[in-house]
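Trainee: below are the sequence and a predicted model for it; my questions follow.
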Amino acid sequence: MVAMECKRGWDTLLHPDTHHYAVGMLAREMHSIFVPFYSPITTHLLRLLSREEPHWELPALAFLVELLDYVEGRKCHESVLPILSRHLQGHCPESRHLALRGLLVISVDPSMAESICSLAEHLVELLHDGDGDVVAMTLSVFLNMLQDKDIEAFSSTAPKLAEALRPLFDNDNTHVQLLSIRLFQEVMELLAEEGPKTLNMQVYQSLVPLFFHLHDENQCVAEASRETLLCAASFLKRRDLEQVLRRQQPIKFCDCLMDKDVSRRDEHLRQALPYLQSPQQPLREVAVRFMGVAAWHMQDLQPVMKALEVMIEDNCSSYSTMQNAVLSAFRRAVTK
């Protein structure tokens, strides 16, 4: 009771908009008292939630989610899953957030992987949500689920998941970046035995973003990008890319990419252009070098020249020098 008072829990409990938060807080503070009663309380909450009474649903769900850490057994988790699924697909942000928290708890149970996989398509949609917490929890649910390497139903969802993950490599939230990059690697490793055709296009499209994040200022992101890029090169059976990565020759990687992937040169270039205006200086510098390598392989250099010319002036002298050098090289190539 004192803990609730210190956290202003009673005031929160009395307000309709925050009532469910206070109920969850109360459940957390009293969990040691509830130990002998976890099972009957959970049964009562499940019965209450199955009746779909709007007045009670949110606080009951908040209380249930707090109990899930202490209730074990697949039978209980299987009973909870339909309720979490319903709230996950609802329109209420608060109940969706609570459902994801609950799903994150039961996804740790390996025996639930196949059942949770039935929600995979809807979980993929949540990766487009504007709430960073929702995206991070969804990624964590997928990572937990894929610890079971024998999920047969997952392969049909894998291409959509891989497609949704790629934009998250550039997310402003570092935690989301890390989770998305690691999950992409997990997906590739899981489907490697089925052959590259399953994810061929998505993996090719990941090469440029992962290459740039090799140079990320956050060392955890940089290391995760390196491991995932090596996995991608192996998945595509591109030993040339694997070798230059292991030798730590980034410019050679660009050269191999633009030289061998003739049909994808325009796409690689299009993916690289936004990094010219990255908030991170190392990524901007790598982008300019990438453009320099592209000059040797591209016939139409006008898009690159235009992008470089309209860029906001950078305060870094080395970056400006590289930019001017690349522009001069491009102009000479165009006038030949």
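Mentor: Received, thanks.
Trainee: any weak-confidence spans in the chain?
Mentor: By pLDDT under 70, the low-scoring segments of the chain are 1-39, 53-55, 72-75, 194-196, 298-336.
Trainee: quick one: the helices in the stretch 51-200 of the chain?
Mentor: In the stretch 51-200 of the chain, the helices defined using DSSP state H, counting those that start in this stretch lie at 54-67, 74-88, 93-106, 113-117, 120-126, 132-145, 158-165, 174-191, 200-213.
Trainee: kindly export the longest one (C-alpha atoms) in CSV.
Mentor: Right, helix 174-191. Extracted C-alpha coordinates of helix 174-191, given in CSV (Å, rounded to 0.1, in the frame of the first residue of the first chain):
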residue,chain,number,x,y,z
THR,A,174,18.8,1.9,-31.7
HIS,A,175,17.1,-0.9,-29.9
VAL,A,176,14.7,-1.4,-32.8
GLN,A,177,17.6,-1.3,-35.2
LEU,A,178,19.5,-4.0,-33.3
LEU,A,179,16.4,-6.3,-33.0
SER,A,180,15.5,-5.9,-36.7
ILE,A,181,19.0,-6.7,-37.9
ARG,A,182,19.3,-9.7,-35.6
LEU,A,183,15.9,-11.0,-36.6
PHE,A,184,16.7,-10.7,-40.3
GLN,A,185,19.8,-12.9,-39.6
GLU,A,186,17.6,-15.4,-37.7
VAL,A,187,15.1,-15.6,-40.7
MET,A,188,17.9,-16.2,-43.2
GLU,A,189,19.5,-19.0,-41.0
LEU,A,190,16.1,-20.6,-40.5
LEU,A,191,15.4,-20.7,-44.2
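Trainee: switch the helices of the stretch 51-200 of the chain over to JSON lines; also include distance to residue 276 and mean neighbour count.
Mentor: (Glycine included, C-beta is placed from N, CA and C.) Listed next are the helices of the stretch 51-200 of the chain as JSON lines, based on distance: least, Cβ to Cβ, whole Å; neighbours: other Cβ atoms under 10 Å:
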{"stretch": "helix 54-67", "distance to residue 276": "44", "mean neighbour count": "20"}
{"stretch": "helix 74-88", "distance to residue 276": "39", "mean neighbour count": "18"}
{"stretch": "helix 93-106", "distance to residue 276": "36", "mean neighbour count": "21"}
{"stretch": "helix 113-117", "distance to residue 276": "40", "mean neighbour count": "19"}
{"stretch": "helix 120-126", "distance to residue 276": "30", "mean neighbour count": "17"}
{"stretch": "helix 132-145", "distance to residue 276": "25", "mean neighbour count": "20"}
{"stretch": "helix 158-165", "distance to residue 276": "23", "mean neighbour count": "19"}
{"stretch": "helix 174-191", "distance to residue 276": "19", "mean neighbour count": "21"}
{"stretch": "helix 200-213", "distance to residue 276": "11", "mean neighbour count": "22"}
